[in-house]
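Colleague: Provided below are the primary sequence and the corresponding predicted coordinates.
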Amino acid sequence: MENSVGLPPIYEDTPVDLAPAKVITSFPAYTFLENLAIAPDGTIFVTNHEIGKIVRVTPDGNQQIHASVTGKVSGLAFTSNGDLIATGWNADSVPAVFLIAPDGTAETLLTLPEAIFLNGITPLSDHQYLTADSYRGAIWLIDVTQPSASIWLEHPLLARSNSENPIPAANGIKRFCRTVYVSNTEQMLLLRITLGIGDSPGEPEVFVEKTNIDDFAFDVEGNLYGATHIYNSVVRVGTDGMTTIIAQAEQGVIGSTSVAFGQSEGDRTAIYVVTNGGMFLPLPSGVFPANVVRLEVGKAGYNFT
């Protein structure tokens, strides 16, 4: 397996069990696909990070611009009424949260001048969301009904070990039952935070060390499927913390950034992976097209409701 030069060999001895893979659609090289959310009818919504676009991809691979913001978009999730909520920056580079209606109309829900780098986002309740702040080392609580934002948790385990390192710290975030999981990519940690009374955060604890996970998703059994970004792979982390590689560069997941489960009937045991073609840390052979890849994993996805 070709890999980028100079990376610590953290997956060198990791078992490999490749899932059946299919590239659904591709974008030109140097496209930074950052996150995705999948509708019940199978439509895949993808954030094209650097140009502030949300792209609608049909299950057969047709691409259309769904929404645009003047700025950048990172994380993406559905609201309880079928809107999309996205994190990013506005035209003035101020961190912002955007709300996108089903017809593609985008509005700025709120700006967060005290935030630095809003990234992954996940529902906490039917009107509250948690979003990771990769450079502040914090998690924000977003209330879409107010709308308002406040720090939910700020902690050294969510921060960078070296503030000069451009790699995001708190990055992907998902809730599974009464636990919130967060990837700290810069520290190569997978963290878990138990929810307390009123969904208050407990003390973060390390679940897995020496793993380079960006965003991720869970199946109903609690297995985690994570994009490894600069390691050009997708991994499955079992409930016991054991890791297996389920896709590699050859499956089209070069520069994998995020993972989501299919939602339509007959598609619930597949995950979809978005990539950036390795543009952040290119392979020796160069930067590849950014893909949306389907992997058949044989387990249905977990959805917080």
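Modeller: Yep, that arrived.

Colleague: Can you give me every residue that contacts the closest residue to Leu295 other than its chain neighbours?
Modeller: Excluding its sequence neighbours, the residue lying closest to Leu295 (C-beta to C-beta, 6 or more residues apart in numbering) is Ala19, at 4.3 Å. Bear in mind the C-beta positions are built from the backbone N, C-alpha and C, glycine included. Applying C-beta atoms under 8 Å, 6 or more residues apart in numbering to Ala19 gives the contacts 234, 246-247, 251, 295-298.

Colleague: Among those residues, give me the pair with the biggest separation.
Modeller: Maximum pairwise distance in these, criterion C-beta to C-beta, is 15.8 Å, between Gln251 and Gly298.

Colleague: name the helices or strands packed onto the one helix or strand Thr87 maps to?
Modeller: If you go by DSSP states H and E, Thr87 is part of strand 84-89. Using 3 or more C-beta pairs under 8 Å, 6 or more residues apart in numbering; DSSP states H and E, the elements in contact with strand 84-89 are strand 44-48, strand 72-78, strand 95-100, strand 118-123.

Colleague: And the contacts of it?
Modeller: Contacts of strand 84-89 (C-beta under 8 Å, 6+ apart): 37, 45, 47, 49, 52, 54, 67, 69, 71-79, 95-100, 109, 118-121, 129, 131, 142, 144.

Colleague: try stretch 199-209
Modeller: By C-beta under 8 Å, 6+ apart, stretch 199-209 touches 124-125, 128, 139, 152-153, 155, 157-158, 180-182, 188-196, 237, 241, 243.

Colleague: Would you list the buried entries among those?
Modeller: Buried members of those, counted by 16 or more other C-beta atoms under 10 Å: 124, 128, 139, 152-153, 155, 157-158, 180-182, 188-191, 193, 237, 243.

Colleague: Just the ones in strands from those residues, please.
Modeller: 128, 139, 152-153, 180-182, 189-191, 193, 237, 243 (DSSP state E).

Colleague: Return the closest of the residues you listed with respect to Gly172.
Modeller: Checking these one by one against Gly172 (C-beta to C-beta), the nearest turns out to be Val182, at 7.0 Å.

Colleague: mind checking how far that closest one is from Arg192?
Modeller: 8 Å (C-beta to C-beta, to the nearest Å).

Colleague: what do you get for Tyr231?
Modeller: Distance of Tyr231 to Arg192, given as C-beta to C-beta: 21 Å.

Colleague: got the residue ranges for the strands in the stretch 151-300 of the chain?
Modeller: 170-176, 179-184, 189-194, 205-209, 216-218, 224-227, 234-237, 243-247, 256-261, 270-275, 290-296 (DSSP state E, counting those that start in this stretch).

Colleague: Understood, closing this out.
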